[in-house]
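**Student:** Prediction below, plus the sequence it came from.
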Amino acid sequence: MTRIFIDSDACPVKDEVYRVAGRYGLRSFVVANRMIALPDSPLIERVVVDAGPDVADDWIAEHSVENDIVITADIPLAARCVEKGVHVIEPKGRILDGDAIGMALAMRNLMTDLRSAGMMTPGGASFGKADRSRFLSALDTLVNKARKPRLRPMTLPPA
């Protein structure tokens, strides 16, 4: 059964995830290193991890499995999940799959290198209505894709 994992630090679309997950009856995990208010639902579980860099990311990467969905803006976490067959979507609605994750990692690394060299880099655009709408549409599509059984190649017995 498909589950949803939310990397909840500064995630602006938690309420939208709760609505979509509720509509499909999907269990959701809200992972953070502090207490976060959640709606009262048996489908939503709060996971509070120890404080520290990447502790929440590590928990998500360790517990998500193929056909689960992870919502995160963290590119290294996304790469770890995509490698396992997990579906990943950013809060602005961009789906990070095997085709997109390489470019996203390269761009992240380039920007990190430029900042460490002292260059000023542009910040991300603010989150708006269009982003929220794009996210909802992409999440709905992703849920339907994740819930479809994947066809495995048929292997024939040796002759």
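**Tutor:** Cool, got the structure.
**Student:** Can you pull the poorly scored residue ranges out of this structure?
**Tutor:** Along the chain, the parts satisfying pLDDT under 70 run over 100-115, 119, 121-124, 149-159.
**Student:** Show me where it has its strands.
**Tutor:** For the chain, the strands defined by DSSP state E cover 4-7, 28-32, 44-48, 69-71, 87-89, 95-96.
**Student:** Residue 20 versus residue 89, what's the distance?
**Tutor:** For residue 89, the distance to residue 20 equals 11 Å [CB to CB, to the nearest Å]. (C-beta placed from N, C-alpha, C; glycine too.)
**Student:** Oh, that last question was meant for residue 43, not what I typed.
**Tutor:** In terms of CB to CB, residue 43 sits 11 Å off from residue 20.
**Student:** So those two - more neighbours on which side?
**Tutor:** More crowded of residue 43 and residue 20, by other CB atoms under 10 Å: residue 20, with 20 against 15.
**Student:** pretty sure the more buried one is in contact with residue 138, am I right?
**Tutor:** No: with contact defined as CB atoms under 8 Å, residue 20 does not reach residue 138; the gap is 10.4 Å.
**Student:** circling back: may I see the strands of the chain arranged in JSON lines, with distance to residue 57 and mean neighbour count as well?
**Tutor:** JSON lines is the format used below for the strands of the chain (distance: least, CB to CB, whole Å; neighbours: other CB atoms under 10 Å):
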{"stretch": "strand 4-7", "distance to residue 57": "7", "mean neighbour count": "26"}
{"stretch": "strand 28-32", "distance to residue 57": "8", "mean neighbour count": "22"}
{"stretch": "strand 44-48", "distance to residue 57": "12", "mean neighbour count": "16"}
{"stretch": "strand 69-71", "distance to residue 57": "10", "mean neighbour count": "27"}
{"stretch": "strand 87-89", "distance to residue 57": "12", "mean neighbour count": "25"}
{"stretch": "strand 95-96", "distance to residue 57": "14", "mean neighbour count": "22"}
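**Student:** Output the ones you listed as JSON lines; include the columns distance to residue 148.
**Tutor:** Formatted as JSON lines, the strands of the chain follow (distance: least, CB to CB, whole Å):
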{"stretch": "strand 4-7", "distance to residue 148": "16"}
{"stretch": "strand 28-32", "distance to residue 148": "19"}
{"stretch": "strand 44-48", "distance to residue 148": "24"}
{"stretch": "strand 69-71", "distance to residue 148": "13"}
{"stretch": "strand 87-89", "distance to residue 148": "11"}
{"stretch": "strand 95-96", "distance to residue 148": "15"}
